[in-house]
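Trainee: structure, please.
(chains A and B)
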Amino acid sequence: AQKVTQAQTEISVVEKEDVTLDCVYETRDTTYYLFWYKQPPSGELVFLIRRNSFDEQNEISGRYSWNFQKSTSSFNFTITASQVVDSAVYFCALSEASGTYKYIFGTGTRLKVLA
Amino acid sequence: EAQVTQNPRYLITVTGKKLTVTCSQNMNHEYMSWYRQDPGLGLRQIYYSMNVEVTDKGDVPEGYKVSRKEKRNFPLILESPSPNQTSLYFCASRGVGTQYFGPGTRLLVL
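Mentor: The predicted structure follows:
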């Protein structure tokens, strides 16, 4: 069965600190997608990144970076020099790449960045 | 602008009073789905639709109905809402590999 685990329920950091959000997944599929979404206090879900299971290259987008390691079934998200605007709940998700394309979400990590 | 819209955004109702939450997308996506978000549980899929007139149950379909008569619309129907359906609901539309979510509907059932 597919599963996504975000063991960190809540993290608090002081502004400008770096922070890493962990995501561990389980799947028997050889082809799948991994995602990160951000949910700010306003409640909407903002797509951040999609990673194909065949692409293990790490990605950097501004202050955001993602580390995908198939060997440990992890897809971790790092925010460098955090800002108050980064305060949100972050969800990791796993999707089949065929069939029903079902999404499985983790339970989310609430990040609080303190000024 | 490519988007998924939901209405209403907020709704307070009473037990047993039928309600419909509408969802519409303008991206010509075939796949649409509904999720509910509850504290500590993340998002769970209620129903999904892979195309017009093709719908199927997700993980938590009890108490909900859906229909897909047109590609752009995917309404969620609660025939007889109960307090345990108080939640934050999201409609989503999937493009190539990625789901895009509507703004959410906060539902309170008294």
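Trainee: lowest average confidence, helix or strand, in chain B?
Mentor: Taking mean pLDDT, DSSP states H and E as the measure, the helix or strand of chain B with the lowest value is strand B:99-101, at a mean of 91.
Trainee: what's the following helix or strand after that strand?
Mentor: strand B:105-109 (DSSP states H and E).
Trainee: run through who's touching the helix or strand containing residue A:38.
Mentor: Element membership of residue A:38 [criterion: DSSP H and E] is strand A:32-39. Residues outside strand A:32-39 that contact it (C-beta atoms under 8 Å, 6 or more residues apart in numbering or on different chains): A:23, A:25, A:45-53, A:66, A:68, A:75, A:77, A:88-97, A:103, A:108, B:97-99, B:101. Where you see a C-beta, it was placed from the backbone N, CA and C, and this is true even at glycine.
Trainee: residue contacts, residue A:55?
Mentor: residue A:68.
Trainee: now the helices for chain A?
Mentor: Per DSSP state H, chain A carries no helices over any range.
Trainee: residues in contact with the least confident helix or strand of chain B?
Mentor: A:35, A:37, A:44-45, A:47, A:95, A:103, B:2-4, B:25, B:27, B:31, B:33, B:90-94.
Trainee: tell me which of those fall in strands.
Mentor: Those of the contacts of strand B:99-101 mapping onto strands are A:35, A:37, A:47, A:95, A:103, B:4, B:25, B:31, B:33, B:90-94, per DSSP state E.
Trainee: flag the least confident of those.
Mentor: Minimum pLDDT across the ones in strands among the contacts of strand B:99-101 is recorded for residue A:103, with 87.
Trainee: surely that one meets residue A:91?
Mentor: No: using C-beta atoms under 8 Å as the test, residue A:103 is too far from residue A:91 to be in contact (9.9 Å).
Trainee: for chain A, what spans make up the strands?
Mentor: Under DSSP E, chain A gives strands at A:3-5, A:10-14, A:19-21, A:24-26, A:32-39, A:46-52, A:59-61, A:64-69, A:74-79, A:88-96, A:103-105, A:109-114.
Trainee: let me know which of the ones you listed is the nearest to residue B:71.
Mentor: strand A:103-105 (19.9 Å; C-beta to C-beta).
Trainee: so is that closest one next to chain B?
Mentor: Yes: among the residues of strand A:103-105, A:103, A:105 lie within reach of chain B under C-beta under 8 Å from any C-beta of the partner chain.
Trainee: which elements pack onto that strand?
Mentor: Packing contacts for strand A:103-105, counted by 3 or more C-beta pairs under 8 Å, 6 or more residues apart in numbering or on different chains; DSSP states H and E, involve strand A:3-5, strand A:88-96, strand B:42-51.
Trainee: okay, now the sheet partners of the least confident helix or strand in chain A by mean pLDDT, with direction.
Mentor: The weakest-scoring helix or strand in chain A, judged by mean pLDDT, DSSP H and E, is strand A:59-61 (a mean of 88). Strand A:59-61 has its sheet partners listed here by DSSP bridges as strand A:64-69 (antiparallel).
Trainee: quick one on the thing from earlier: okay, the angle between the strand holding residue A:38 and strand A:74-79?
Mentor: The directions of strand A:32-39 and strand A:74-79 differ by 30 degrees, with axes from the mean of the first three to the mean of the last three C-alpha atoms, to 10 degrees as the criterion.
Trainee: and strand A:32-39 with strand A:88-96, angle?
Mentor: 160 degrees.
Trainee: would you mind listing what in chain A touches chain B?
Mentor: Residues of chain A lying near chain B (C-beta under 8 Å from any C-beta): A:33, A:35, A:37, A:43-45, A:47, A:50, A:52, A:91, A:93, A:95, A:97, A:100-103, A:105-108.
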